[in-house]
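A.B. asks: Predicted model, plus sequence, below.
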Amino acid sequence: MFERFVKYFLLRLPYLIVPTKYGLFVTPPSSPKAQMLGRYELEVSRGLERFLKRGDVFIDIGAHAGYFTLKCAKIVGEGGLVVSFEPNPVAYRALYLNVLINRLLNVYISKMALSDRDGMGFLGSSKNRWNKSYFSE
């Protein structure tokens, strides 16, 4: 039933599903090829692999589709926790799908922006509504 739901849902969206060593990764066709091949931001990836351990808590601010959310959820394991924030609705949908199809029970996601101060603002995005978001007050 779960697999049928996921296939039905995913087949109607303009995303690619790419296998990585950390699980399936849902990404739009416009994502960088390095991200799709699991070689995205190698220095950051290596640092996370080196310093994170089972049972840790990782906070992903501006999680986008969840590349690091997925990676860190596997690293910290069932005893750990990943908390991911993504305000862009298009990116959040991919983040949600990544958590869903990989059955990540140690991940909490939130569709909100974080800032160093209280207030309201406008979240805008680029033409393709995916890669770049900006915030203005």
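C.D. replies: Arrived safely, thanks for sending.
A.B. asks: the bottom helix or strand of this protein by mean pLDDT?
C.D. replies: helix 33-36 (a mean of 54; mean pLDDT, DSSP states H and E).
A.B. asks: Follow the chain on from that one and name the next helix or strand.
C.D. replies: The helix or strand immediately downstream of helix 33-36 is helix 42-51, counting by DSSP states H and E.
A.B. asks: isn't there a strand covering Y108?
C.D. replies: Yes. When DSSP: H, G, I helix; E, B strand; the rest coil is applied, Y108 is found to be in a strand.
A.B. asks: who does the closest residue in space to it that isn't next to it in sequence bridge with?
C.D. replies: Spatial nearest neighbour of Y108, excluding adjacent residues (CB to CB, 6 or more residues apart in numbering): V83 at 5.0 Å. No exception for glycine: its C-beta is placed from N, CA and C like everyone else's. Beta bridges link V83 to I59, Y108, judged by DSSP bridges.
A.B. asks: mind listing the strands for this protein?
C.D. replies: Assignment of strands within the chain using DSSP state E yields the ranges 16-20, 23-27, 57-61, 81-85, 107-110, 122-125, 133-136.
A.B. asks: Next, the angle from the first one to strand 23-27.
C.D. replies: Same thing as strand 16-20. 150 degrees (axes from the mean of the first three to the mean of the last three CA atoms, to 10 degrees).
A.B. asks: what sits up against stretch 103-115?
C.D. replies: Stretch 103-115 has contacts (CB atoms under 8 Å, 6 or more residues apart in numbering) with 23, 61, 63, 66, 69-70, 73, 76-87, 89, 92, 95-96, 98-99, 121, 123, 135.
A.B. asks: Mind checking which of the residues you listed are buried?
C.D. replies: The neighbour-count test (16 or more other CB atoms under 10 Å) marks 23, 63, 66, 69-70, 73, 76, 80-87, 92, 95-96, 98-99 as buried among the contacts of stretch 103-115.
A.B. asks: among the residues you listed, which are in helices?
C.D. replies: 69-70, 73, 76, 92, 95-96, 98-99 (DSSP state H).
A.B. asks: Just put the residues you listed in TSV and tack on pLDDT.
C.D. replies: Formatted as TSV, these follow (pLDDT from 0 to 100):
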residue	pLDDT
T69	96
L70	93
A73	97
V76	97
Y92	89
L95	92
Y96	92
N98	91
V99	94
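A.B. asks: Done for today, thanks.
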